[in-house]
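>>> would you be able to build a 3D model of this:
(one chain, ligands or ions: 1)
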Amino acid sequence: MLDGKKTLFSGMQATGTLTLGNYLGALKNWVDIADEYMTFYCVVDLHSITVRQDPAVLRKRARDLLTLYIAAGLDPEKNCIYYQSHVSGHAELSWILNCFTYMGELNRMTQFKDKAAKHADNINAGLFTYPVLMAADILLFQSDVVPVGMDQMQHLEITRDIAQRFNGIYGDVFTIPEAYLGKTGKKIMSLQDPAKKMSKSDENPNASIYLMDEPDAIIRKFKRAVTDSEACVRYSEDQPGIKNLIDIYSSVTGKTPEETEKEFDGKGYGEFKMAVGESVAALLKPVQDKFNELSKEKSYIDGIIKANDEKANYYALKTLRKVQKKVGFPERIR
Ligand code: TYM
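The predicted structure follows:
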């Protein structure tokens with residue numbers, strides 16, 4: 001809660017190319033519920049350097065991601081769209097919260113275990129304390145709601161635990177945030193292995209739909225998607241490939257999985273896959289066109305960055321000063 005308004009915070013990493021999972025699990029919901037809240041949509045570039053990045057590539061991706069938020073339909077006049085690295089409150093609050101987080105809690109984080117296994121040569125302290133920075137992001141803006149995909153639920157839980165622990169010691173400092181999960185699309189799986197989530201870092205390009213994929217590529221990837229042998233469009237755990245495609249189709253069209261089953265009753269996989277591919281291509285086309293258009297408007301985007309940096313810093317400082325006082329740092333003399 002900020003200025004008497006319910007607050008929403010969410011963010012994405014500027015690493016890799018965004019996938020349909022990021023879009024359906026998060027970005028699309030951000031746009032759908034933005035009007036109900038005071039919103040902060042962050043490009044989380046501090047999180048990105050927990051794995052090695054090429055500086056020029058990171059800078060470009062961060063800018064593209066910020067542009068994409070706008071292209072996806074978030075009005076930057078109404079929604080605070082900004083870079084995490086431009087608001088020092090994130091890092092400062094993160095340090096304080098580190099001192100209220102236990103090693104044992106962080107050791108249980110499945111994302112840390114996965115990333116540590118993947119980057120065995122670079123298991124840095126930032127990777128370990130990544131969830132604390134995420135907690136700082138959320139708590140800095142007194143967020144009531146955090147729209148994310150399923151894979152971030154454990155990080156949301158630890159955020160709530162840290163906030164409750166802090167409030168237990170110092171009184172009601174932080175709003176306790178709730179996750180917001182969409183009905184469909186909260187866990188989009190790989191098109192090549194429906195046991196794995198669709199991920200930016202998957203090495204097989206056929207496993208993921210990228211937001212900037214051309215319609216032909218999208219349709220081709222859906223045609224090649226791994227499915228099961230039952231040959232009927234049924235929403236069931238025994239048919240994880242088809243279940244994933246139903247989830248995608250339902251999320252895109254706004255239909256329930258049952259309605260989708262009915263629509264394709266008696267029809268084959270081929271026809272269904274084609275319909276899914278076409279619906280996704282049609283969904284992404286306007287976002288892609290808008291992105292290409294906005295990318296050329298350098299001064300417009302620069303103006304957005306400047307204005308929103310100021311807004312984010314203003315609210316971040318409000319919380320930060322309160323926290324600093326609570327923990328006992330000396331007051332500033334003006
Ligand atoms: P990131 O960048 O990995 O993903 C961004 C968002 O996309 C969702 N997502 C998916 N949803 C459904 N199916 C999938 N296959 C899929 N893959 C990704 C994620 O759940 C996420 O919502 N740590 C976060 C970024 C972050 C953040 C925050 C999020 C930093 N601070 C504060 C919310 C609040 C991350 O790496 O997301």
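>>> quickly note the distance from residue 311 to residue 80.
5 Å (Cβ to Cβ, to the nearest Å). C-beta coordinates here come from the backbone N, C-alpha and C atoms, glycine included.
>>> what about those two, which has more around it?
residue 80 (24 against 15; other Cβ atoms under 10 Å).
>>> quick check: phi and psi on that one?
phi -90, psi 100 (degrees, to the nearest 10).
>>> next: residue 257.
phi -60, psi -30.
>>> with adjacent residues omitted, what lies nearest to it?
Closest residue in space to residue 257, ignoring its immediate chain neighbours: residue 235 at 4.3 Å, by Cβ to Cβ, 6 or more residues apart in numbering.
>>> on the three-state scheme, that neighbour is what?
Three-state assignment for residue 235 (DSSP: H, G, I helix; E, B strand; the rest coil): coil.
>>> buried residues in stretch 133-140, which are they?
By neighbour count with 16 or more other Cβ atoms under 10 Å, stretch 133-140 contains the buried residues 133-140.
>>> run a quick neighbour tally on the residue in the stretch 51-200 of the chain positioned nearest to the ligand.
For the stretch 51-200 of the chain and the ligand, the shortest gap (Cβ to the nearest ligand atom) falls at residue 149, measuring 2.3 Å. If you count neighbours by other Cβ under 10 Å, residue 149 ends up with 21.
>>> isn't it right next to residue 25, touching?
Yes: under the criterion of Cβ atoms under 8 Å, residue 149 is in contact with residue 25, at a separation of 3.0 Å.
>>> overlap in contacts of these two?
Counting by Cβ atoms under 8 Å, 6 or more residues apart in numbering, the shared contacts of residue 149 and residue 25 are 185-188.
>>> of those residues, which is the most crowded?
residue 188 (26 neighbours).
>>> surely it is in contact with residue 249?
No: Residue 188 is not in contact with residue 249 according to Cβ under 8 Å; the separation is 11.3 Å.
>>> the ligand next: which of the buried residues of stretch 133-140 are close?
134, 137-138 (Cβ under 6 Å from any ligand atom).
>>> can you pull out the helices in the protein?
20-22, 28-33, 45-48, 55-71, 89-98, 103-107, 110-118, 125-140, 153-170, 215-223, 240-253, 257-263, 269-295, 298-327 (DSSP state H).
>>> now tabulate these in TSV and tack on mean pLDDT and distance to residue 207.
Below are these laid out as TSV (pLDDT from 0 to 100; distance: least, Cβ to Cβ, whole Å):
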stretch	mean pLDDT	distance to residue 207
helix 20-22	97	10
helix 28-33	94	20
helix 45-48	97	22
helix 55-71	97	20
helix 89-98	98	32
helix 103-107	97	29
helix 110-118	92	16
helix 125-140	98	24
helix 153-170	98	22
helix 215-223	97	8
helix 240-253	96	11
helix 257-263	95	22
helix 269-295	97	15
helix 298-327	98	31
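>>> what is the burial count for residue 121?
5.
>>> same thing with residue 316?
Neighbour tally, residue 316, other Cβ under 10 Å: 22.
>>> got the contact list for it?
So residue 316 contacts 87, 89-90, 93, 140-141 (Cβ under 8 Å, 6+ apart).
>>> tell me the residues of the stretch 101-250 of the chain that contact the ligand?
So far as Cβ under 6 Å from any ligand atom goes, the stretch 101-250 of the chain lies against the ligand at 134, 137-138, 146, 148-149, 151-152, 186-188, 197-198.
>>> surely residue 195 and residue 187 touch.
No: here residue 195 does not reach residue 187: they are 11.5 Å apart, not a contact under Cβ under 8 Å.
>>> returning to that earlier point: buried subset of the contacts of residue 316, written for ChimeraX?
A single ChimeraX command selects the buried members of the contacts of residue 316 (16+ other Cβ under 10 Å):
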select :87,89,90,93,140,141
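>>> the residue lying closest to residue 301 once chain neighbours are set aside: what's it in contact with?
Leaving aside its chain neighbours, residue 301 sits nearest to residue 67 (6.1 Å; criterion: Cβ to Cβ, 6+ apart). Contacts for residue 67 (Cβ under 8 Å, 6+ apart) come out as 291, 294-295, 301.
>>> could you dump those residues into TSV and include distance to the ligand and neighbour count?
Formatted as TSV, the contacts of residue 67 follow (distance: Cβ to the nearest ligand atom, whole Å; neighbours: other Cβ atoms under 10 Å):
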residue	distance to the ligand	neighbour count
291	17	19
294	20	18
295	20	14
301	20	18
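>>> export those to CSV and tack on distance to residue 115?
Below are the contacts of residue 67 laid out as CSV (distance: Cβ to Cβ, whole Å):
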residue, distance to residue 115
291, 28
294, 32
295, 30
301, 31
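>>> which one of those residues sits closest to residue 257?
Nearest to residue 257 among those: residue 291, at 29.8 Å, using Cβ to Cβ.
>>> next, count neighbours for the spatially closest residue to that closest one that is not a sequence neighbour.
Using Cβ to Cβ, 6+ apart and skipping the chain neighbours, the partner closest in space to residue 291 is residue 71 (3.9 Å). Residue 71 has 21 neighbouring residues, counting by other Cβ under 10 Å.
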